[in-house]
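Trainee: Sequence first, then the predicted structure, then my questions.
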Amino acid sequence: MSLEVALFGYAGFANLARGRGREFRTAPAERSRARIIGWLLILASFLAALLRFGPYQAVPAWLAWLSVSGVILVLILSRWPRLAALPWMPMTAAALVLCFL
Amino acid sequence: MRQSMAWIHGWLGLLAGWILFAMFVTGTASYFRPEITRWMQPEYRPRPVGNAEAARTAVAWLQKNAPHDEQWTIYLPNERTLATRVFTRARPSPDPKAPRAPRRPETRLDPATGVPVEARETRGGEFFYRFHFQLQLPHPWGRWLAGLCAMFMLGAILSGVITHKRIFADFFTLRWSKGRRSWLDAHNVSAVLALPYHAMITYTGLITLVVMYTPWPILANYAQPAVFSASLYADTASQKASGQPGRLADIGRLVEAASAEWQGARVSRVIIGNPDDASSTVTLLRSSDDRLNARSASITYAGVSGERLSASPAPGPAIETAGVMLGLHLGWFAGPLLRWVCFLLGLTGCAMVATGLVLWAVKRRKPGAKPFFGLSLVDRLNIGAIACLPAGMAAFLLANRLLPPMLAGRADLEVSAMFWTWFGLAGLSLLRPARRAWIEMLTLSALLFAAIPMVDLVTIGGGAFDGFFLAFDGTMVLLAVVLGFAAWRLARRPVDAARPRRRVSLAVSEVREAMDVA
């Protein structure tokens, strides 16, 4: 399974969207924090891909998973904007567990 | 700059768009090429055997049926392709003027028994795969047209990125039910989020056939193009026969030896040169299922003694690059889950092309005004390509189940069913007003996809309750839901109905687009 790459990616993108504050009305201080967390989670998804697929296949596999997780986030975000970003913490936790499974 | 790019983007996308949509859809389906073939031959359920055994049974069949041919090629089965596929090429006639003997058509063998597969005749997933880059046209033209469209696509991607003002600001923006704004959002989101995929698939697709598109560098440097490919791939076909009869050693042992040398990696292909000669050669190719590079390493053995003659040298950087590009495009390295991800990205690509085509028409439509001829034409072609092609593909699968299994020439009838349905519906849709035609054709496509599992259940019966067939039929239901959703959204409200408060920005963008067009 390589689902953790997508979970990290989704959580990362969700935080980046929160950091934009458009749909979420996040406070300015909260925004920059969300942005930092978002980029860190994207980095985590790359590291997870590296761990799972090895150095040669990591980049294509990572980009593929990341793109799909972004598309799924945007689809949910467009329908249920407040719900979409909520589960990012359990997702990160699940991804961490999957990483070391 | 932006405006000229927007102009280029609009026209490149429009002109190639309809063919690109068909290429994207059939290409996406081709990620499941072996699975589609398997679904289309439901009566064929072989007992899985090891690779060495499959090679032995294939060689036994070939020795009986094509003993004196110049070359045998055996594709061994794997988890996805259940049958052994063999090709043979006859010895060239002694007359030097005679053309080189062509490769005979493929025979599919049961790996356990070594007899030809007895199942309904069908092109299977191979048909979508071939259509994806040959477009069902006579030989060079289909590939040329596909290459031209790929070049348009590459140009559209570049100009699209340049013309898109708010890539990062609109990264997550998708607004529903806002008329033209929504189409633009959907086009942007499907393009930007999967941009690495779109750029990769277009570029690698183009590069795969680059030697065909621009043969001149090779022609300028090599008197005979065959020498070029022989110097790259160490062609074993050039091995001369000695004229003395010889008998092949046990092929299964060679398969096991090669597999051991590759630390347990599978052998995917066996090429046997001069199989009835004392100087026969057996070349085994490594499976590339676990690698990015689709061109694999090989080991060559002497056919009679089984002695290891040579192994392919480590590929140079150019060959490695070409192999990796082909591998990226085909996606063979992807395991089941990653293959589904690729499939979803392919669908995102289909959505990008479709929304782009619709957007071109929506942008030029004036509320209340009668559409001009070009706009009607684009609208009609959009309906024919986007709403009717899925119906054709569903008809291809339905024909597979509904035509009698033993009917002569049924493989070609399946293909005809697809084109008659596709173009027939596109023609019929002309009789209806454009908006109704969109809704009706999408509904029809959805119904045809929904009919596939039912017809499967009725014609195959209990056999359909197999994990693989359930998954396939479930996917058909999902596709029906997606198409049905599109039809429902269209039917719910007129496409152009914008809320009153949007008037101002619409007017502004109309002015801008008028400038774009001018």
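Mentor: The structure has been received and is ready for your questions.

Trainee: near chain B, which residues of chain A?
Mentor: Contacts of chain A with chain B, taken as C-beta under 8 Å from any C-beta of the partner chain, map to A:1-3, A:6, A:13, A:16-17, A:20, A:22, A:56-57, A:60-61, A:63-65, A:67-68, A:70-71, A:73-75, A:77-79. In short, each C-beta sits where N, CA and C put it, glycine included.

Trainee: which among the residues you listed end up buried?
Mentor: Neighbour-count burial (16 or more other C-beta atoms under 10 Å in any protein chain shown) applied to these gives A:2, A:6, A:13, A:16-17, A:20, A:57, A:60-61, A:63-65, A:67-68, A:70-71, A:73-74, A:77-78.

Trainee: Among the residues of chain A next to chain B, which are located in strands?
Mentor: Among these, no residue falls in strands (DSSP state E).

Trainee: what about residue B:56, how many residues close to it?
Mentor: Residues lying near residue B:56 (other C-beta atoms under 10 Å in any protein chain shown) number 19.

Trainee: In contact with it, which residues?
Mentor: Listed by C-beta atoms under 8 Å, 6 or more residues apart in numbering or on different chains, the contact set of residue B:56 reads B:114, B:250, B:251, B:252.

Trainee: From chain A, how far out is the closest residue to residue B:409 other than its chain neighbours?
Mentor: In this structure, residue B:409 finds its nearest non-sequential neighbour in residue B:121, 7.9 Å apart by C-beta to C-beta, 6 or more residues apart in numbering or on different chains. In this view, residue B:121 and chain A are 36 Å apart by C-beta to the nearest C-beta, to the nearest Å.

Trainee: give me the element residue B:121 is part of.
Mentor: Per DSSP states H and E, residue B:121 falls between elements, in no helix or strand.

Trainee: looking at it, it is touching residue B:411, isn't it?
Mentor: Yes - counting by C-beta atoms under 8 Å, residue B:121 touches residue B:411, with 4.7 Å between them.

Trainee: Give me the subset of the buried ones among the residues of chain A next to chain B lying in helices.
Mentor: Under the assignment DSSP state H, these contribute A:6, A:13, A:16-17, A:20, A:57, A:60-61, A:63-65, A:67-68, A:70-71, A:73-74, A:77-78 to helices.

Trainee: mind listing what the closest residue in space to residue B:387 that isn't next to it in sequence touches?
Mentor: Spatial nearest neighbour of residue B:387, chain neighbours left out: residue B:441 (3.6 Å); criterion: C-beta to C-beta, 6+ apart. Each residue near residue B:441 by C-beta under 8 Å, 6+ apart is listed here: B:383, B:387, B:388, B:391, B:425, B:429.

Trainee: Apart from its chain neighbours, what residue comes closest to the last one?
Mentor: Among residues not flanking residue B:429 along the chain, residue B:437 sits closest, at 4.0 Å (C-beta to C-beta, 6+ apart).

Trainee: Now do the contacts for that neighbour.
Mentor: B:383, B:387, B:429, B:430.

Trainee: Chain A contacts on the stretch 251-400 of chain B?
Mentor: B:291-292, B:328, B:333-335, B:337-338, B:341-342, B:344-345, B:348.

Trainee: same thing but 6 Å
Mentor: B:292, B:338, B:341, B:344, B:345, B:348 (C-beta under 6 Å from any C-beta of the partner chain).

Trainee: Is the residue in chain B positioned nearest to chain A in a helix, a strand, or coil?
Mentor: Ranking the residues of chain B by distance to chain A (C-beta to the nearest C-beta) places residue B:174 first, at 3.8 Å. Using DSSP: H, G, I helix; E, B strand; the rest coil, the structure places residue B:174 in coil.

Trainee: Residue B:185 versus the residue lying closest to it once chain neighbours are set aside, what's the distance?
Mentor: The shortest distance from residue B:174 to any non-neighbouring residue, by C-beta to C-beta, 6+ apart, is to residue A:78 (3.8 Å). Between residue A:78 and residue B:185 the computed distance is 8 Å (C-beta to C-beta, to the nearest Å).

Trainee: Can you pull the residues that touch both of those two?
Mentor: Shared contacts of residue A:78 and residue B:185 (C-beta atoms under 6 Å, 6 or more residues apart in numbering or on different chains): residue B:174.

Trainee: pLDDT below threshold where in chain A?
Mentor: A:1, A:21-24 (pLDDT under 70).

Trainee: Closest approach to chain B from it, which residue is it?
Mentor: Scanning chain A for proximity to chain B using C-beta to the nearest C-beta identifies residue A:78 as nearest, at 3.8 Å.

Trainee: Give me the buried entries from the contacts of residue B:56.
Mentor: B:114, B:251, B:252.

Trainee: Return the distance of stretch B:470-484 from the chain's centre.
Mentor: 19 Å (C-alpha atoms, centre = their mean, to the nearest Å).

Trainee: does any part of that stretch sit near chain A?
Mentor: No - using C-beta under 6 Å from any C-beta, stretch B:470-484 stays clear of chain A, with a minimum separation of 11.7 Å.

Trainee: List the buried residues of that stretch.
Mentor: Per 16+ other C-beta under 10 Å, stretch B:470-484 contains these buried residues: B:472, B:473, B:475, B:476, B:479, B:480, B:482, B:483, B:484.

Trainee: Out of these, name the ones that lie in helices.
Mentor: Using DSSP H, these in helices are B:472, B:473, B:475, B:476, B:479, B:480, B:482, B:483, B:484.

Trainee: related to what we said a few turns ago, among the contacts of residue B:437, which one has the most neighbours?
Mentor: Highest neighbour count within the contacts of residue B:437: residue B:387, with 27 neighbours (other C-beta under 10 Å).

Trainee: hang on, it packs against residue B:443?
Mentor: No - with contact defined as C-beta atoms under 6 Å, residue B:387 does not reach residue B:443; the gap is 9.1 Å.

Trainee: Is it correct that residue A:26 falls within a helix?
Mentor: No - using three-state DSSP, the secondary structure at residue A:26 is coil, not a helix.

Trainee: how about it, what does it touch?
Mentor: Contacts for residue A:26 (C-beta under 6 Å, 6+ apart) come out as residue A:18.

Trainee: now swap in residue B:61 and tell me
Mentor: B:109, B:114.

Trainee: picking that back up, relative to residue A:86, which of the buried ones among the contacts of residue B:56 is nearest.
Mentor: residue B:252 (57.4 Å; C-beta to C-beta).

Trainee: Can you tell me the closest non-neighbouring residue to that closest one?
Mentor: Nearest one to residue B:252, counting by C-beta to C-beta, 6+ apart, is residue B:52 at 3.5 Å.

Trainee: Same question for residue B:434.
Mentor: residue B:379 (5.0 Å).

Trainee: helix, strand or coil for the residue nearest to residue A:60 when sequence neighbours are not counted?
Mentor: Spatial nearest neighbour of residue A:60, chain neighbours left out: residue B:328 (6.1 Å); criterion: C-beta to C-beta, 6+ apart. For residue B:328, the secondary structure call by three-state DSSP comes out as helix.

Trainee: how much space between residue A:29 and residue B:434?
Mentor: From residue A:29 across to residue B:434, the span is 51 Å (C-beta to C-beta).

Trainee: let me fix that: residue B:50
Mentor: 58 Å.

Trainee: Likewise for residue B:155?
Mentor: Distance from residue B:155 to residue B:434, by C-beta to C-beta: 29 Å.
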